[in-house]
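1. Quick one, what's the 3D model for this:
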Amino acid sequence: MLERWTRLRDEYVIHAETPTGELSQLAIEGLNGYFRTHPLPSERLAQANEIVAQDHLPLNRPSSHFMWSMK
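-> From the prediction side, this is the model:
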């Protein structure tokens, strides 16, 4: 899901076709980075991959369901 989210963001948010568009996008990204409260999709993906590697979790294995306990 995070990989798909990253690709969609790259395709629709960072897509500039002209030098002026690139400058505009750079300005928008700078402001978004300054005011944002959540990590970018690519940052979330990198964090998730780091956790998977650190915990030696298997890739390509369906996740198991878990229960939230109310205490």
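2. which residues touch the residue sitting nearest the centre point of the chain?
-> By CA atoms, centre = their mean, the chain has its centre lying nearest to Pro41, at 1.0 Å. When contacts are counted by CB atoms under 8 Å, 6 or more residues apart in numbering, Pro41 touches Leu2, Trp5, Thr6, Leu8, Arg9. (Each C-beta comes from the backbone N, C-alpha and C, glycine too.)
3. Before we move on, what's the pLDDT of Arg7?
-> If you check Arg7, the pLDDT there is 77.
4. next structured bit after the lengthiest helix in the chain?
-> With residue count as the measure and DSSP state H as the assignment, the chain has helix 19-35 as its longest helix. Under the assignment DSSP states H and E, the closest C-terminal helix or strand after helix 19-35 is helix 41-54.
5. Report the buried residues of that following helix.
-> Of the residues in helix 41-54, those buried under the neighbour-count criterion (16 or more other CB atoms under 10 Å) are Pro41, Leu45.
6. quick check: mean pLDDT across that helix?
-> In this model, helix 41-54 has an average pLDDT of 89.
7. do stretch 17-32 as well
-> Confidence over stretch 17-32, taken as the mean pLDDT, stands at 77.
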